[in-house]
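Q: Got a predicted model here, sequence first, then my questions.
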Amino acid sequence: MKQVIIARHGDASRMSVRDVASPEPAPGQLRIAVRAAGVNFADILIRRGLYPGAPRLPCVVGHEVSGVVDAVGENVDPIWVGREVLALTDYGGYSEHHIIDAHRVLPKPDGLSHEQAAALPLNYVTAWILLVVMGSLRGDQTVLIHNAGGGVGLAAIDVARHLGARTIGTASPGKHPFLLSRGLEHAVDYRRGGWQAEVSEVTRGRGVDLVLDPLGPASWQESLKLLGPAGRLGMFGISQLAVPGLRGKLRLAAAMLTARRFHPAKLIRGNRGVFGCNIHQMYDARIRLNTWLGQILRGVGEGWVRPHVDRSFDLAAASDAHTYIEERRNTGKVILSIDPRDP
């Protein structure tokens with residue numbers, strides 16, 4: 001089988017395709033013939049050497065797949081063979097076959113393509129945790145979604161609309177028409193000076209109830225200022241600091257060392273909350289993850305979960321997919337697609 005390997009940290013040219021023997025499932029496991037794998041910014045950070053807790057190199061990244069079960073290990077019902085499934089994976093998704101514990105797999109909704117299904121597990125579960133589980137967003141509240149045109153951003157728009165909440169999103173102007181067509185109520189150009197005042201004007205000075213911020217320390221402090229009473233800040237990334245090479249590592253270290261701290265006394269006086277979300281640190285909580293992903297899959301059937309695939313790349317073009325995201329050309333999900341007819 002073919003898989004994409006990262007042998008050394010660096011730019012997208014560090015990725016290459018290798019041929020290896022297809023693995024066999026152990027007891028309690030099954031094997032997925034992967035048809036589509038999600039590409040996420042976390043994959044890029046791992047490649048650059050900027051992701052805490054990443055596996056040692058050489059490694060195969062990829063945190064979500066959709067495909068067909070083609071083999072099962074002992075103690076796994078053979079009825080799984082031939083079923084279309086999706087899964088949240090602990091790395092290894094950029095591959096023609098993926099081995100995973102059977103209890104981590106869920107049936108793929110019939111109405112979705114494999115590419116659409118691979119857009120669900122990481123982004124939508126992350127959005128669900130940020131808005132529902134930890135963010136406690138309600139229908140009478142307002143959420144500010146930074147990077148609204150990204151995979152988590154689009155998922156957050158779907159979830160927030162389902163809850164009945166008001167949505168404000170930051171994105172470059174070229175993405176505004178599409179985001180508004182997806183149901184975002186107010187799009188803000190984050191590159192324009194004074195955009196914070198625009199958010200304040202939209203909320204009539206009351207501030208927002210929840211901010212989703214994947215950007216980094218400087219943005220977190222700005223987001224905190226936009227919160228109204230009992231507001232919450234949900235952090236889930238550091239994309240502003242994702243500079244390649246040694247410069248990126250030094251920049252990240254410096255930013256973390258000099259970042260302003262969230263002092264408990266100030267949070268108490270301001271009636272504000274701060275929390276973080278890293279789904280990769282929750283893989284042991286498989287019952288919770290399956291429950292949340294199950295709620296997302298029900299949303300597919302109910303029509304309020306609408307995964308949007310911006311572009312699909314062949315598995316062998318994974319480096320092009322990474323570059324496409326790094327150049328901020330995507331609006332929504334980027335997918336690696338595998339044609340089973342390819343030799």
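A: Sure thing, it's come through.
Q: which sections of the stretch 201-343 of the chain are below the confidence cut-off?
A: 239-260, 341-343 (pLDDT under 70).
Q: ranges for the strands of it?
A: 208-213, 227-235, 273-276, 309-314, 333-337 (DSSP state E, counting those that start in this stretch).
Q: Mean neighbour count, those strands: which tops it?
A: Among the strands of the stretch 201-343 of the chain, ranked by average contacts under mean count of other Cβ atoms under 10 Å, first place goes to strand 208-213 (a mean of 27). C-betas here are computed from N, CA, C, even on glycine.
Q: Using CSV, write out the CA atom coordinates for the helix ranked longest in the chain.
A: For the chain, the longest helix by residue count, based on DSSP state H, is helix 286-302. Extracted C-alpha coordinates of helix 286-302, given in CSV (Å, rounded to 0.1, in the frame of the first residue of the first chain):
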residue,chain,number,x,y,z
ARG,A,286,-13.4,7.3,23.4
ILE,A,287,-17.0,7.1,24.9
ARG,A,288,-17.3,10.9,25.0
LEU,A,289,-15.7,11.3,21.5
ASN,A,290,-18.1,8.7,20.0
THR,A,291,-21.1,10.4,21.8
TRP,A,292,-20.2,13.8,20.4
LEU,A,293,-19.5,12.4,16.9
GLY,A,294,-22.8,10.5,17.1
GLN,A,295,-24.5,13.9,17.7
ILE,A,296,-22.8,15.3,14.6
LEU,A,297,-23.9,12.3,12.5
ARG,A,298,-27.5,12.8,13.7
GLY,A,299,-27.1,16.4,12.5
VAL,A,300,-26.3,15.1,9.1
GLY,A,301,-29.6,13.3,9.0
GLU,A,302,-31.4,16.3,10.3
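Q: from the chain's centre, how far out does stretch 5-15 sit?
A: Between the centre of stretch 5-15 and the centre of its chain there are 21 Å (Cα atoms, centre = their mean, to the nearest Å).
Q: now do stretch 204-215
A: Worked out by Cα atoms, centre = their mean, stretch 204-215 lies 20 Å from the chain centre.
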